[in-house]
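Engineer: have a look at this prediction, sequence included:
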Amino acid sequence: MHYSSDYSYVSDRLKIEHPIAMGFDCDGVLVDTARSYDLAVYRTVEMLFNEWCVEKAWAEELEETVNTLLFRLRLTGNFNNDWDSTYAISILCATAALKNGLNGDGRRSGWMKIIALEELARWGVSASVLTPRTIEEFIGTIEDPKIRQSVLDFNRHTGYLQEREKSRLARTFDELYYGGELFAEMHGTDCHSDSDGLMRNERLLFSAETAERLRHLSAGRMAIITGRPYRSTARSLGSLISFFNMEASTFTGDLDLSGTDAGALRKPAPLPIIKCMKSFGAKRMIYAGNAAEDIRMVQAARMLGYDVLFAAVCGHSAEADLMIDYFRKEGADIIIMDISQLPDALAV
């Protein structure tokens, strides 16, 4: 089914007493990242491939394959971190390229995406849970020993499971996304690239008018729960960051990913929601997100007895119609195309 650009849905069961505390995802809700984060995923995979092999027969198929896999991975709710997504997609694309005749031997044009999706489905079967940490289990299930060894070699080339933050993959992604100046500021080391970074392509979806209306409806109790670091979030939002309470917010991009607190605070874990509600002293809260891990985080908080509503923002997804259907099936309380529609949706 195709939905109009001004589509909105509010559950018949929804009853809201104002003011209500509010939490927001950043990417795809407050900021359009289709030409920044999403493009950085593709270009990182492309660069890793360029370093790994000489043959470019797969090149014309790679971008479509990456974008399709990125959407599918986000639907699992286990890939809130774009390094994780890039890593998983890199391994799936490498496996698909090898199975499709990487060096032109028996290669079938247009089959890279098909094979990669087959591998993703097989990964979901072979792994106990579809998460970044099950990748080695997936590689171990590749039957052809030559292909399996080649994928292991590519896995080592990314360096991701050995030293995630210092890996070739993570550095390449951050250099592409942040650009030279902000990369040096974030990492305390020089960037190999002097480009402005793909972050410059981001577009604000959140206006001062919408912020003021939501501040009124929430009595100023607004927070951000995002996988981004604080610094890049503040850079993208500019002066609008002042509408949000930082003590109630969570920026998991600032966490040490190897630390014990990382898993507890990363979506879909419910702790960021709980932290937000406790910071505000709120008995009820609404969270606006655009991805599977967002509604799963809300559902996990509900399982622990917290009264949390979910507003799905779908209009800036590459597959908006599919996401609307997904969120309706998952029981979203509100479904809108753009965050600017939220004040009216809450005025029920």
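Structural biologist: Yep, it's here.
Engineer: wait, residue 80 touches residue 265, no?
Structural biologist: No - under the criterion of C-beta atoms under 8 Å, residue 80 makes no contact with residue 265, lying 10.5 Å away. Bear in mind the C-beta positions are built from the backbone N, C-alpha and C, glycine included.
Engineer: joint contacts of those two?
Structural biologist: residue 252 (C-beta atoms under 8 Å, 6 or more residues apart in numbering).
Engineer: okay, the two: which has more neighbours?
Structural biologist: Using other C-beta atoms under 10 Å as the criterion, residue 80 and residue 265 rank with residue 80 on top: 25 against 18.
Engineer: next, the more buried one: secondary structure please.
Structural biologist: coil (DSSP: H, G, I helix; E, B strand; the rest coil).
Engineer: and it, how far is that from residue 110?
Structural biologist: According to C-beta to C-beta, to the nearest Å, residue 80 stands 31 Å off from residue 110.
Engineer: next: residue 319.
Structural biologist: Distance from residue 319 to residue 110, by C-beta to C-beta: 20 Å.
Engineer: tell me which of the two has more neighbours.
Structural biologist: Shown here are residue 319 and residue 110; by other C-beta under 10 Å, residue 319 has more neighbours (16 against 10).
Engineer: and the more buried one, what are its phi and psi?
Structural biologist: Taking degrees, to the nearest 10, you get phi -130, psi 70 for the backbone angles of residue 319.
Engineer: list the contacts of it.
Structural biologist: Contacts of residue 319 by C-beta under 8 Å, 6+ apart are residue 71.
Engineer: what does residue 178 give?
Structural biologist: Contacts of residue 178 by C-beta under 8 Å, 6+ apart are 186, 191, 197, 199, 232.
Engineer: name the element residue 322 belongs to?
Structural biologist: helix 320-330 (DSSP states H and E).
Engineer: and for residue 310?
Structural biologist: Per DSSP H and E: strand 307-313 holds residue 310.
Engineer: tell me where the chain has helices.
Structural biologist: Secondary structure of the chain (DSSP state H): helices located at 37-52, 59-76, 82-99, 112-126, 135-140, 145-158, 168-187, 208-218, 230-237, 260-265, 271-280, 292-303, 320-330, 342-346.
Engineer: need the helix or strand of this protein with the lowest average pLDDT.
Structural biologist: helix 260-265 (a mean of 66; mean pLDDT, DSSP states H and E).
Engineer: neighbouring strands for the strand holding residue 310, and are they parallel or not?
Structural biologist: Its sheet considered, strand 307-313 pairs with strand 284-289 (parallel), strand 334-336 (parallel) by DSSP bridges.
Engineer: among those strands, which is nearest residue 153?
Structural biologist: Residue 153 lies closest to strand 284-289 among the strands paired with strand 307-313, at 37.5 Å (C-beta to C-beta).
Engineer: buried stuff in that closest one?
Structural biologist: Residues 285-289 are the ones in strand 284-289 that count as buried (16 or more other C-beta atoms under 10 Å).
Engineer: again with stretch 290-302
Structural biologist: Here stretch 290-302 shows 290-301 as buried, counting by 16+ other C-beta under 10 Å.
Engineer: show me what the helix holding residue 322 is in contact with.
Structural biologist: By C-beta under 8 Å, 6+ apart, helix 320-330 touches 1-3, 7, 9, 75, 290, 292, 295, 299, 310, 312, 314, 317, 335, 337.
Engineer: got the domain ranges for the protein?
Structural biologist: Under the assignment automatic domain parsing, the domains of the chain span 8-32+202-346, 37-187.
Engineer: mind checking the end-to-end distance for the shortest one?
Structural biologist: Using C-alpha to C-alpha, to the nearest Å, the end-to-end distance of domain 37-187 comes out at 18 Å.
Engineer: the closest residue to residue 254 other than its chain neighbours: how many residues sit nearby?
Structural biologist: Distances taken as C-beta to C-beta, 6 or more residues apart in numbering place residue 229 nearest to residue 254, at 4.8 Å, with adjacent residues excluded. Neighbour count for residue 229, taken as other C-beta under 10 Å: 17.
Engineer: can you check residue 71 too?
Structural biologist: 15.
Engineer: give the contact list for it.
Structural biologist: 317-319.
Engineer: mind listing what residue 174 touches?
Structural biologist: 183, 186-187.
Engineer: got a pLDDT number for residue 190?
Structural biologist: pLDDT for residue 190: 76.
Engineer: distance of the nearest residue to it once chain neighbours are set aside from residue 15?
Structural biologist: Once flanking residues are discounted, residue 190 sits nearest to residue 184: 5.8 Å by C-beta to C-beta, 6+ apart. From residue 184 across to residue 15, the span is 50 Å (C-beta to C-beta).
Engineer: out of these two, which sits in the busier spot?
Structural biologist: residue 184 (14 against 7).
Engineer: pretty sure that one sits against residue 191.
Structural biologist: Yes - look at residue 184 against residue 191 with C-beta under 8 Å: they come within range, at 5.6 Å.
Engineer: my guess is residue 99 meets residue 148, correct?
Structural biologist: No - using C-beta under 8 Å, residue 99 is not in contact with residue 148; the gap is 10.9 Å.
Engineer: same drill for the two, tell me which one is more crowded.
Structural biologist: Neighbour totals were compared for residue 99 and residue 148, and residue 99 leads with 19 against 16 (other C-beta under 10 Å).
Engineer: and the residue nearest to residue 131 when sequence neighbours are not counted, how many neighbours does it have?
Structural biologist: Distances taken as C-beta to C-beta, 6+ apart place residue 78 nearest to residue 131, at 4.6 Å, with adjacent residues excluded. The number of residues packed near residue 78 is 23, by other C-beta under 10 Å.
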